[in-house]
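**Student:** For reference, the sequence and a predicted model appear below.
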Amino acid sequence: MVLKKQTVWLITMLSLLIVLSVYYMLPGDDQAAMTDLEDEQTEEERSDEEEGDGAESENFVVSELPTGDYFQTIRLETEDSRSEMKEKLSEVISSTTATSEEKNDAMDQIYSIETMSQKESLLEKMIIQEKNYEDVLVRKADDKVNVTVMANELSKTDANHIMQMARDEFGMLDVTVKYQGEVSQQEESDDDEQSDDAQNQEQEDDDEQSDDAQQQEQEEEDEQDQEQNQEDQA
């Protein structure tokens with residue numbers, strides 16, 4: 001069994017080394033094709049990953065996040081960060097001064113990053129398919145998994161189930177489950193309504209003051225007319 005695992009590991013490393021070597025030799029569309037091939041290989045070998053990193057405590061948190069472009073922002077930041085990291089590791093692999101150990105370590109890290117991204121994407125699709133959420137964001141960082149669902153509410157039963165799904169995919173890690181609802185948007189709507197009410201009230205007050213001023217002015221004119229009539233009669 002140990003020999004088989006060692007053989008699989010050796011074949012995996014050699015395959016990745018060949019793919020990366022060809023990748024840097026091919027321009028444009030050919031590079032994209034080789035990247036797709038590498039993704040397929042890592043998907044097939046995903047089952048050989050370790051099932052967990054030890055008996056760590058599970059952390060369950062249900063909270064509400066502010067609305068906005070949260071999902072899009074986190075995805076872009078994560079993709080940029082990981083792309084930059086893989087680019088640096090690829091430079092180590094193609095370097096003529098790096099040792100074999102350094103190159104192997106760089107290849108292992110690239111493999112881990114790609115495998116982690118695939119697991120995140122797979123779990124997102126599974127949760128969306130099962131729970132019919134509008135969107136789901138899964139991100140693993142160190143020994144913790146963060147799951148955020150786009151929903152107005154999240155029951156404890158659903159949160160526990162999501163936590164179990166994350167544990168099945170990533171192993172015994174701390175899991176944080178959050179949800180993003182429409183409360184902030186509702187608050188903005190309420191603020192707008194309050195603002196409209198305040199403006200309407202202010203306009204009504206102005207109208208009343210204007211009417212009172214006109215009425216006062218009319219009364220003064222009437223009094224002046226009466227005084228003028230009395231003087232004329234006298």
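**Tutor:** Ah, there it is. None of these values were measured; they are calculated from a predicted model.
**Student:** List the beta-bridge partners for the spatially closest residue to Ile127 that is not a sequence neighbour.
**Tutor:** With sequence-adjacent residues excluded and distances taken as Cβ to Cβ, 6 or more residues apart in numbering, Ile127 is closest to Val136, at 4.7 Å. (C-beta placed from N, C-alpha, C; glycine too.) Val136 has the following beta-bridge partners by DSSP bridges: Val149.
**Student:** so who does Val136 touch?
**Tutor:** By Cβ atoms under 8 Å, 6 or more residues apart in numbering, the contact list for Val136 reads Leu123, Glu124, Ile127, Ile128, Val147, Thr148, Val149, Met150.
**Student:** Against Tyr70, how distant is it?
**Tutor:** According to Cβ to Cβ, to the nearest Å, Val136 stands 12 Å off from Tyr70.
**Student:** Quick check: neighbours shared by the two?
**Tutor:** Residues touching both Val136 and Tyr70 (Cβ under 8 Å, 6+ apart): Thr148.
**Student:** Using just helix, strand and coil, how would you label Lys178?
**Tutor:** With DSSP: H, G, I helix; E, B strand; the rest coil as the basis, Lys178 sits in strand.
**Student:** Need the pLDDT of it.
**Tutor:** We have a pLDDT of 87 for Lys178.
**Student:** Bridged to it, which residues?
**Tutor:** Thr148.
**Student:** Do I have it right that it meets Met150?
**Tutor:** No: using Cβ atoms under 8 Å, Lys178 is not in contact with Met150; the gap is 10.4 Å.
**Student:** so what pLDDT did the nearest residue to Asp135 once chain neighbours are set aside get?
**Tutor:** In this structure, Asp135 finds its nearest non-sequential neighbour in Met150, 4.2 Å apart by Cβ to Cβ, 6+ apart. Met150 is assigned 86 on the pLDDT scale.
**Student:** Glu221 now?
**Tutor:** Note for Glu221: predicted pLDDT of 73.
**Student:** Next up, identify which helix or strand it is on.
**Tutor:** Taking DSSP states H and E as the definition, one finds Glu221 inside helix 183-233.
**Student:** swap in Met165?
**Tutor:** Short version, using DSSP H and E: Met165 is in helix 156-170.
**Student:** so what does that helix touch, helix or strand wise?
**Tutor:** Applying 3 or more Cβ pairs under 8 Å, 6 or more residues apart in numbering; DSSP states H and E, one finds that helix 156-170 contacts helix 100-131, strand 144-150, strand 174-180.
**Student:** Include mean neighbour count and distance to Lys88 when you put the ones you listed into TSV, please.
**Tutor:** Shown next, in TSV, are the helices and strands packed on helix 156-170 (neighbours: other Cβ atoms under 10 Å; distance: least, Cβ to Cβ, whole Å):
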stretch	mean neighbour count	distance to Lys88
helix 100-131	16	8
strand 144-150	21	23
strand 174-180	21	28
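**Student:** Pipe these into JSON lines and attach distance to Arg82 per row.
**Tutor:** Formatted as JSON lines, the helices and strands packed on helix 156-170 follow (distance: least, Cβ to Cβ, whole Å):
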{"stretch": "helix 100-131", "distance to Arg82": "6"}
{"stretch": "strand 144-150", "distance to Arg82": "15"}
{"stretch": "strand 174-180", "distance to Arg82": "20"}
